[in-house]
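> Got a predicted structure plus its sequence, pasted below:
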Amino acid sequence: MSASRKPSGVDQQTATSATTATFLTALVFNAAVFGIEIALFTVLRPHFKRIYEPRTQVPTEKDRVKPLEAGIFTWPIALFKTDYRDVQQVNGPDAYLFVRFLRMMIRVLLPIWFISWIVLMPVTSVNNSIPNKTGLDRFIFGNVSTDHQTRYAAHIILAYLFTFWIYWNIRRELRHFVTVRQMHLINPAHSSSVQANTILVTGIPARYLSEPALLQLYSHLPGGVKKVWLNRDLKELPSVYDRRLAACGKLESAETSLLSTASKLRRKALKKANGAGDPSPADDPERNVALAERLVPQDQRPSHRLPAGFMPFSLPFIGEKVDTIDWCRQEIATATGLLINGRQALADEGISQPEDLNGDGKVDKNDRAKQTYPPVGSAFVTFNQQIAAHLAVNALTHHEPYCMADRYLEVSPPDVIWGNLGLNPYEKRIRMAISYAATAALIIFWSIPVAFVGIISNIQGLCVRESWLSWLCSLPSVVVGIIQGILPPVLLAVLMMLLPIVLRLLGRFEGIPTRTGLELSLMTRFFIFQVIHSFLIVTLSSGIIAALPSLLSNPSSIPSLLAQYLPQASTFFLTYIILQGLSGVAGGFLNIVALILYYVKLYILGSTPRSVYNIKYASSTVAWGTLFPSITLLVVITFAYSIISPVINGLSCFTFFLFYLLYKYLFLYRYTQPPSADTGGLFFPKAIQHVFICLCALFFLARGENGKPSAIVEGVLMIVLIVLTAGYHAIMNSSFGPLTKALPLSLAHKTYRHPEPSLELQDVGGGSGSKRKEAVDEEPSPTDKPRASSSTESGDAEHAPQNGYDEVFFARNPDGTEDYGFAQPAASRPQRIVWIPDDSLGLGREEVQTNKESNVQATTQNATMDEHGKVDVTGPPVDLAKF
């Protein structure tokens, strides 16, 4: 052997043909993972329903769904036969249209798969090959030899055929989407909800920043206004509210710990007393101190340290040590007092219609009297008719620039980001510019680690050129296959996990006022990142690295070499598709992390009734802003390489079929999408816009025998196809765009209308046409006149409110629950009831009474503790709906 020869004997030929080994390694590895995980899921699913079918185990009967009725080995067939349209009934339009999107991709790719394999694979491989092209490289675009350049005609013909097939499917799905969305909007259950009849208006000028002014402004719309909720600058109240919530949680933990310790000490005392009877706690004359607190010595009671000085958190051995239960009770009482005083001030400080008091010829904030909690420039407006809300959002509201320009439809209280309601229009647009500039900077600088991942995916080609990496060429082919085929997709997935955190912060900084709006913004930003870093940069870096040795030795051959080597990046994407379709789908079914964490959390963190309930029954959902881009990235990769590397079509079709089964299962039996977070399917049209990326430049890079461009005609035709695609998208946007959000007048007769009240209750003073059901609603307070909540359980003194201003609500729903409307939680919600477990000794009931004497609401309902101190729950918290 020559001394100059590489130890492994790897040369350029073996480097370029390593794609097959890489692909096969990834295929075998991911197929093995898929088989193992699906086998485990098949065995575990019937025995761990709370993990794999939690929607069949929820404590509230009306929220349960029927379990998947199938044998232990026949569940895939039963799942396949399950009607995917049931997803809409269970989880709403967003989940249904996502599953529909996956189903659409199967329908699109199935004929593309068959036709491309029948036509393109023989065209690029039979009697037509470039030297050193073996294995999968024989079926890629770059394998057309210089004397058979006319075969590119097959590629361009199929590119047009596939594109027009995709056009037809896009139009078909958009029509279906519009129908689904409109039927959702006019559905009586949704149409009559506050969410469907309320809009959020921001950037309100001072002249209109009062309830009478907004009533008058919107009185021109059909049905008039039912209620106006002006948002106020609550200053310190939200932080006080958060303090009280944190203290309630800390008190629950301390009380449960005290009961557990007291129960153990009590059992020991009874044993020492030779089986003496247990005296009833009710017979003890010392009612001012609970039995549990008397049983536990002071040094065994729960305690903690307060933060020292200016520090926001406490440290061990530093700061004052306090009794946790006593401190929490005092903290709750103090916070409740502050909240009551603040809510009293809110109710007393009415917001009247401002006038030009200083004589400067205009009405602005200087004309408003000083207030403790002044209004900010936004309000929620609830209409008597649903169609009025849609007209209000789409009408030009104000004659000044940016004034009342940002209006939001389908707003629900849990969806609101309260901290973003006070931004003025100019500040908001400056923030938007900064936000997108920061996004652009992230795109630029994020390319460095992503390009490194692309280089790893073609390390065989690099080790031939760079001597300091020659040791990689001596590694066994299986190891190299793992490095190239498995490591890059995993690294890329880890990188992409970090992005949504940053992008959500940028969206919140921008001033987006709703969480669904934040997800819609994240979807666009994250998709741009995915395409640039997970697709374009990986394609270019992988292809150029593969061609680097030849490029450096023969720079004049750059066009022909790029035409040959850029398609080789398809190997990375083939392994990426395999990773997602096999390991990703099987991991989604098995969900082994959730299974392990469930019991770890239950054992370590399940110390209070609330934590046990959250671990067992808290619903899990998805983040649409990251889920949809991860799927549309696969679509972009598939469409881009459908002609260049037709092998990908079959793999992608199979992958989308597996994803379809997975998410049908997840949305039917595992995930819960709250109606307040449902956009009515607005993520779907965004996803449709994200599916076209193509590599038309490859036709211009192709070279014939004489070294001149040989596929100019095909390249021009691809440019024409791009223009057609852009035009088609413009037509789709102009025709379907207005229908994606607004409800047309042609459906107004099917929408909800608030029942007409009697004439005595009509608003005749303001001339606004507003119909109110109670005179108290005429008050311009953001919370109206406060009404004390009755007991959540009839006759239960544990739940009775201590003060009318501790809970301020707008009305009562038909089922008796409180309706807080769009009042901020800090201005309306009561103290969260401290949830203590009931035990056999009655210690928990004693603690409830002691807390009540300290003006802290508590209950033992639906929670128990056994003699060993283990906590369990039989139902939800009594005030679950309020928080």
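Cool, the structure landed.

> in what helix or strand does the nearest residue to Gly587 once chain neighbours are set aside lie?
Computed as CB to CB, 6 or more residues apart in numbering, the closest residue to Gly587 that is not its neighbour in sequence is Glu37, at 6.1 Å. Bear in mind the C-beta positions are built from the backbone N, C-alpha and C, glycine included. Assigned by DSSP states H and E, Glu37 falls within helix 18-44.

> how much space between Asp86 and Lys664?
9 Å (CB to CB, to the nearest Å).

> Those two - which one has more neighbours?
Remark: of Asp86 and Lys664, Lys664 carries more neighbours, 21 against 16, as counted by other CB atoms under 10 Å.

> from what I can see the more buried one touches Lys81, true?
No: in this structure Lys664 lies outside contact range of Lys81 using CB atoms under 8 Å: 10.7 Å.

> can you pull out the strands in the stretch 251-400 of the chain?
303-305, 321-323, 375-383 (DSSP state E, counting those that start in this stretch).

> right, I mislabeled it, should have said the stretch 701-850 of the chain
Going by DSSP E, counting those that start in this stretch, the stretch 701-850 of the chain shows strands at 811-812, 818-819, 834-835, 838-839.

> Worst mean pLDDT among these?
Among these, strand 811-812 carries the lowest mean pLDDT, at a mean of 75.

> In space, what's closest to the residue nearest the centre of the chain - neighbours in sequence excluded?
By CA atoms, centre = their mean, the mean C-alpha position of the chain lies nearest to Ala623, the distance being 1.8 Å. Spatial nearest neighbour of Ala623, excluding adjacent residues (CB to CB, 6+ apart): Glu519 at 6.6 Å.

> Please work out how many residues are found near the closest residue to Ile644 other than its chain neighbours.
Counting by CB to CB, 6+ apart, Ile644 lies nearest to Phe141, which is 4.2 Å off, once chain neighbours are set aside. By other CB under 10 Å, 25 other residues sit near Phe141.

> quick one, what contacts Cys248?
Cys328, Ile332, Gln831, Arg832, Val834 (CB atoms under 8 Å, 6 or more residues apart in numbering).

> gap between the second one and Ile833?
From Ile332 over to Ile833 the distance is 11 Å, taken as CB to CB.

> Buried ones in the longest helix seen in the chain, by neighbour count?
If you go by DSSP state H, the chain has its longest helix at helix 86-125. Neighbour counts over helix 86-125 (16 or more other CB atoms under 10 Å) mark 86-88, 90-106, 108-109, 112-113, 115-116, 119-121, 123-125 as buried.

> Helices along the stretch 701-850 of the chain, start to end?
Along the stretch 701-850 of the chain, counting by DSSP state H, counting those that start in this stretch, helices occupy 712-736, 843-853.

> List just the one of the ones you listed that sits closest to Lys250.
helix 843-853 (13.3 Å; CB to CB).

> which other helices and strands contact that closest one?
Other helices and strands packing on helix 843-853, by 3 or more CB pairs under 8 Å, 6 or more residues apart in numbering; DSSP states H and E, are helix 237-272, helix 291-295, strand 858-859.

> If we use 10 Å, what do you get?
Packing partners of helix 843-853 (3 or more CB pairs under 10 Å, 6 or more residues apart in numbering; DSSP states H and E): helix 237-272, helix 291-295, helix 324-348, strand 834-835, strand 838-839, strand 858-859, strand 863-865.

> Low-confidence stretches in the stretch 651-800 of the chain?
692-711, 755-800 (pLDDT under 70).

> List the contacts of Ile637.
By CB atoms under 10 Å, 6 or more residues apart in numbering, Ile637 lies in contact with 530-531, 534-535, 538-539, 570, 572-574, 576-577, 580, 648, 652, 693.

> next structured bit after the helix or strand it falls within?
According to DSSP H and E, Ile637 maps onto helix 624-641. Following helix 624-641 in sequence order, the next helix or strand is helix 647-665 (DSSP H and E).

> chain center to that next one: distance?
Centre-to-centre, helix 647-665 and its host chain are 22 Å apart (CA atoms, centre = their mean, to the nearest Å).

> now for that helix, which elements pack on it?
Going by 3+ CB pairs under 10 Å, 6+ apart, helix 647-665 lies up against helix 18-44, helix 75-81, helix 86-125, helix 570-578, helix 585-590, helix 624-641.

> got the buried residues for that helix?
647-665.

> what's the answer for stretch 669-684, then?
For stretch 669-684, by 16+ other CB under 10 Å, it's 669-673, 676-684.

> Pull out the CA atoms of it and give them to me as CSV.
Taking Å, rounded to 0.1, in the frame of the first residue of the first chain, the C-alpha atoms of stretch 669-684 are listed here in CSV:
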residue,chain,number,x,y,z
TYR,A,669,-58.2,10.7,22.7
ARG,A,670,-55.3,12.7,24.2
TYR,A,671,-55.3,16.4,23.4
THR,A,672,-57.8,19.0,24.6
GLN,A,673,-58.1,22.2,22.7
PRO,A,674,-60.1,24.8,24.8
PRO,A,675,-62.7,26.7,22.7
SER,A,676,-61.3,30.0,24.0
ALA,A,677,-58.0,29.2,22.1
ASP,A,678,-59.6,28.1,18.9
THR,A,679,-59.2,30.5,15.9
GLY,A,680,-61.8,28.7,13.8
GLY,A,681,-59.2,27.3,11.5
LEU,A,682,-57.1,30.4,10.7
PHE,A,683,-53.9,28.4,10.8
PHE,A,684,-55.0,26.4,7.8
